[in-house]
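Colleague: Compute the structure for the input listed below.
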Amino acid sequence: MSFELTILGSGAALPTGKRNPAAQYVNCNERHILIDCGEGTQNQLRRFGIKIQKIRHILISHLHGDHFFGLAGLLSTMNLLGRTQGVTLYAPPLLKDIIELQLKASGFYYQFKVDFVPLEMTSMQKIMEDKLIEIHAFPMKHRIPTYGFVIREKPRERPILGEELRQDGVSLQAVPFFRKGIDYKDEKGKLFRAEDYTLAPKKARSYAYCSDTAYYEPLIECVKESDLLYHEATFIERHKDRAKSTLHSTAMEAAHIAQKAGVGKLILGHISSRYENTDPHLSEAKSVFENTLVVEDGMSFEI
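Modeller: Just a heads-up that it's a prediction; the model follows:
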């Protein structure tokens, strides 16, 4: 089962020649998810070889333009390419009004269904679940309502040791119990222990996304022990006052969140266009949390 992240846009506010506005693509066990959709996202999807029509879930963190101005164009392209499969859009409530106004003004309507899930939570909540994955959203600290996301695999079943089952003559009726780690008693009352007939399951993987936010310690519990954490790092410490006034984070502040949350790896993005070189971001973050990387458009990560 694959769990892969591709960075489509790693910049903040102003597009540059090197960095598009915020957008990411996640393939988690063939669940195809777009996180944020800044201007030019559909071009980035094509540039990095991602099939637009595979996307089924779109998560929009907040309604600053660098996080959703590409959405109308992307949905329009899906329609022009003949899409009939629905899309689920998770976003602050006003985005539904924005999309409907755009469609009304243009006299243009999609030939596929757009299901809208409004984000209005004040604490971490599950917004999507199927048999393999779940997605949670949680509030962050920014100038308008803004949400982060955690994409998690469901706990995996325990692999069965078939040879041991056959040798001991264990009924196949025990298999569903063993897969879940539950011991089994046969009709004669004989107990068979799940751990004797299974291997330990592989660890369920998780990815956490924290877009625009000031340093905010309630995030720590939301992203705790994620395998990979993306956290905005718009500024460096030299511009900490600017970060504070705009409710953004510095690279070092992002690293403190990663350290306290015990994540596996930290990746930094949403880099202000004022910085041509991100070496200061990296060195400041690494002074707190060593396993850190500053992302660039087109980077991919296997989780």
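Colleague: buried ones in the helix or strand in which residue 5 is found?
Modeller: According to DSSP states H and E, residue 5 maps onto strand 3-9. For strand 3-9, burial by neighbour count (16 or more other Cβ atoms under 10 Å) applies to 3, 5-9. (Glycine included, C-beta is placed from N, CA and C.)
Colleague: Next: stretch 14-23.
Modeller: For stretch 14-23, by 16+ other Cβ under 10 Å, it's 15-16, 19-23.
Colleague: and if you look at stretch 231-241?
Modeller: So, applying 16+ other Cβ under 10 Å, buried residues of stretch 231-241: 231-236, 239-240.
Colleague: out of the buried residues of stretch 14-23, which are inside helices?
Modeller: When the buried residues of stretch 14-23 are checked against helices (DSSP state H), there are no matches.
Colleague: Keeping just the C-alphas, turn the helix or strand residue 78 falls within into CSV.
Modeller: Element membership for residue 78 (DSSP H and E) is helix 71-80. Only the C-alpha atoms of helix 71-80 are listed here, as CSV (Å, rounded to 0.1, in the frame of the first residue of the first chain):
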residue,chain,number,x,y,z
LEU,A,71,-9.7,25.7,-7.3
ALA,A,72,-12.2,27.2,-9.8
GLY,A,73,-9.8,26.5,-12.7
LEU,A,74,-9.1,22.9,-11.5
LEU,A,75,-12.8,22.1,-11.2
SER,A,76,-13.5,23.6,-14.6
THR,A,77,-10.7,21.5,-16.1
MET,A,78,-12.1,18.4,-14.5
ASN,A,79,-15.4,19.2,-16.1
LEU,A,80,-14.0,20.0,-19.6
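Colleague: 93 is where my numbering starts, stick with that
Modeller: Taking 93 as the first residue, the last one we looked at is helix 163-172.
Colleague: Grab the nearest non-local neighbour of residue 293.
Modeller: residue 248 (4.1 Å; Cβ to Cβ, 6 or more residues apart in numbering).
Colleague: now do residue 190
Modeller: For residue 190, the spatially nearest residue (Cβ to Cβ, 6+ apart) is residue 155, at 7.7 Å.
Colleague: Now do the contacts for the residue lying closest to residue 221 once chain neighbours are set aside.
Modeller: Nearest non-adjacent residue to residue 221, counting by Cβ to Cβ, 6+ apart: residue 227, 7.6 Å away. Residue 227 makes contacts with 125, 149, 151, 182, 218-221, 241-244, as judged by Cβ atoms under 8 Å, 6 or more residues apart in numbering.
Colleague: how close does residue 186 get to residue 171?
Modeller: 22 Å (Cβ to Cβ, to the nearest Å).
Colleague: ok, now residue 372?
Modeller: 43 Å.
Colleague: tell me the strands in the stretch 243-392 of the chain, going along the chain?
Modeller: 276-277, 283-284, 298-302, 320-324, 357-361, 384-386, 392-394 (DSSP state E, counting those that start in this stretch).
Colleague: Tabulate those (a markdown table), appending mean pLDDT and distance to residue 136.
Modeller: Converted to a markdown table, those look like this (pLDDT from 0 to 100; distance: least, Cβ to Cβ, whole Å):
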| stretch | mean pLDDT | distance to residue 136 |
| --- | --- | --- |
| strand 276-277 | 83 | 51 |
| strand 283-284 | 82 | 53 |
| strand 298-302 | 98 | 17 |
| strand 320-324 | 98 | 16 |
| strand 357-361 | 98 | 13 |
| strand 384-386 | 98 | 18 |
| strand 392-394 | 98 | 13 |
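Colleague: Show me this protein divided up by domain.
Modeller: 95-248+294-394, 254-288 (automatic domain parsing).
Colleague: now the end-to-end length of the first one.
Modeller: Across domain 95-248+294-394, the terminal residues are separated by 6 Å (Cα to Cα, to the nearest Å).
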